[in-house]
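A.B. asks: Next input, structure requested:
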Amino acid sequence: MDKKLRFGLIGCGRISFKHIEALANNYDNAELVALCDLEIEKAELLKKRYIELLDKKNVKINNIEIYRDYQELLKRADIDIVSIATYSGTHAEITINALKSGKHVIVEKPMALSIKDVDEMIETARKYNRKLTVCHQNRFNSTVQKLRKAIEDKRFGKLVHGVASIRWNRNDEYYKQASWRGTWEQDGGTLMNQGIHNIDLLQWMMGPVERLYAEADTFLRNIEGEDMGAAVLRFKNGAIGIIEGSACIYPRNLEETLSIFGEKGTVRIGGVAINKIIDWKFADGLDDEEEVKKEANYEDPDTVYGYGHTPLYKDFIDAVLNDREPYITGEDGKKAVEIVLAIYKSRKTGLPVEFPLKDFSTLDMKE
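C.D. replies: Model (predicted):
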């Protein structure tokens, strides 16, 4: 790769620092040239952080423009890729406008809050021949990559069941910090916001899904969406999946765990960000459990966001420069959104939901 791609970042809130970190770590092929946020002081803070990171690498920094209106940022012909880290309800509109203006797009999860919007994002990327990826960064974890390889090599034999557990705490103060959190219009509940990463991993290992049944409710937090939900899934391969996602765990985050059980294998991954293999047992005896843990596990990161944004950016930059599909496509991003929306539909109707889900939106929960 011999070209440096120019980036604009829209949305300078909580997750945006991981995007800045990823850009700085990929400085050989990436350059931040524009930031956008309705609150200019947030963009200024992010600009300062980016400069600090590149100063440590002795990298020269050109001018970084700050915008309040994202449409003005999209008018710049010199920007190759737009990263979208705004709140979830705005992802579809900004992504579609960015693709139409000729930009490739990295969008945070969930990519949208309705099947209709997800499909339009994917179709627009095809129509305008632009690349689109979704930030399911945990797929790049060494632990998850190890598990995925075992699935591809069919080491589990017949898959029996898998469990995605998200047992976190998001207190009232968290929701008060931003009025969009927990609303059906802009966010959804804990399964859509906090749980979707692990839901993505469960379906990546065991999918596609045939049907699911769910229960969810709002127990403790003053929000529209659920603060705890659970679902039982039947995959097309016959295996069963279990999802539980909670923002009500006392007194703080307890665990995020992905477990896969098969005829000839058991794997359980936990840690702050799915970064530690807890159990690695296979009947084939091809590897030593302790050696596998030593090779794949790493120390807990500072936040639940982990370190996956940097390899995700590296992959996407390579995809753009070499005109190939990114490791995580828009179609991949749709699968996790479809599961959460099906959970919401099952909660609303009290009935199992068959896949594919033709159309459903978080807004349907308001009716």
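
A.B. asks: Now for the residue nearest to D78 when sequence neighbours are not counted: which residues touch it?
C.D. replies: In space, and not counting its chain neighbours, D78 is closest to R6: 5.7 Å by CB to CB, 6 or more residues apart in numbering. (Glycine included, C-beta is placed from N, CA and C.) Contacts for R6 (CB atoms under 8 Å, 6 or more residues apart in numbering) come out as 31, 33, 78-81.

A.B. asks: Could you identify the most distant pair in those?
C.D. replies: D78 and I81 (11.4 Å; CB to CB).

A.B. asks: Setting the sequence-adjacent residues aside, check what's closest to the residue nearest the centre of the chain.
C.D. replies: Most central in the chain under CA atoms, centre = their mean is H136, positioned 3.2 Å from the mean C-alpha point. Once flanking residues are discounted, H136 sits nearest to D200: 4.7 Å by CB to CB, 6+ apart.

A.B. asks: Please look at that neighbour and V337 and confirm they touch.
C.D. replies: No. Proximity of D200 to V337 does not meet the contact threshold set by CB atoms under 8 Å, at 9.2 Å.

A.B. asks: circling back: show the model's pLDDT score for the residue nearest to the centre of the chain.
C.D. replies: Per-residue pLDDT puts H136 at 97.

A.B. asks: And for I223?
C.D. replies: Here, the pLDDT recorded for I223 equals 96.

A.B. asks: Could you give the number of residues near it?
C.D. replies: Other residues lying near I223 total 21 when counted by other CB atoms under 10 Å.

A.B. asks: quick one: it from I242, how far?
C.D. replies: 24 Å (CB to CB, to the nearest Å).

A.B. asks: The residue nearest to D78 in helix, strand or coil?
C.D. replies: strand (DSSP: H, G, I helix; E, B strand; the rest coil).

A.B. asks: Identify the bridge partners of it.
C.D. replies: E31 (DSSP bridges).

A.B. asks: That one and K103, how far apart?
C.D. replies: R6 is 10 Å from K103, by CB to CB.

A.B. asks: for D117, same thing?
C.D. replies: 18 Å.

A.B. asks: Once you drop chain neighbours, what's closest to I96?
C.D. replies: Here the residue nearest I96, using CB to CB, 6+ apart, is T124, at 5.0 Å.

A.B. asks: what about the one you found, how many neighbours?
C.D. replies: By other CB under 10 Å, 20 other residues sit near T124.

A.B. asks: any idea how far it is from E52?
C.D. replies: Distance from T124 to E52, by CB to CB: 36 Å.

A.B. asks: pLDDT below threshold where in the protein?
C.D. replies: 1-2 (pLDDT under 70).

A.B. asks: all strands for it, in order.
C.D. replies: 5-10, 30-36, 65-67, 81-84, 104-107, 132-134, 159-167, 209-217, 228-235, 240-246, 255-262, 265-270, 276-282, 353-354 (DSSP state E).

A.B. asks: Can you spell out which helices and strands pack onto the last one?
C.D. replies: Counting contacts by 3 or more CB pairs under 8 Å, 6 or more residues apart in numbering; DSSP states H and E, the secondary-structure elements packed against strand 353-354 are strand 209-217, helix 330-349.

A.B. asks: swap in the third one?
C.D. replies: Contacting strand 65-67 under the criterion 3+ CB pairs under 8 Å, 6+ apart are the following elements: strand 30-36, helix 40-56.

A.B. asks: Buried residues in the last one, which are they?
C.D. replies: For helix 40-56, burial by neighbour count (16 or more other CB atoms under 10 Å) applies to 42-43, 45-47, 49-51, 53-54.

A.B. asks: Give me the angle between that helix and strand 30-36.
C.D. replies: 160 degrees (axes from the mean of the first three to the mean of the last three CA atoms, to 10 degrees).

A.B. asks: From the contact counts, what lies against helix 40-56?
C.D. replies: Going by 3+ CB pairs under 8 Å, 6+ apart, helix 40-56 lies up against helix 16-25, strand 30-36, strand 65-67.

A.B. asks: Out of the ones you listed, the one nearest E255 is which?
C.D. replies: helix 16-25 (20.9 Å).

A.B. asks: Packing partners of that closest one?
C.D. replies: Under the contact rule (3+ CB pairs under 8 Å, 6+ apart), helix 16-25 is packed against strand 5-10, strand 30-36, helix 40-56, helix 309-321.

A.B. asks: Check the separation of the first and last residues in stretch 148-162.
C.D. replies: End-to-end distance for stretch 148-162: 13 Å, by CA to CA, to the nearest Å.

A.B. asks: Walk me through the domains of the chain.
C.D. replies: What the TED database lists as the domains of the chain is 5-137+307-327, 139-301+335-354.

A.B. asks: May I see those domains arranged in CSV, with distance to D364 as well?
C.D. replies: Putting the domains of the chain into CSV (distance: least, CB to CB, whole Å) gives the following:
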stretch, distance to D364
domain 5-137+307-327, 8
domain 139-301+335-354, 7
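
A.B. asks: ok, back up a step: now for the helices and strands packed on helix 40-56, which one comes closest to T190?
C.D. replies: T190 lies closest to helix 16-25 among these, at 20.0 Å (CB to CB).
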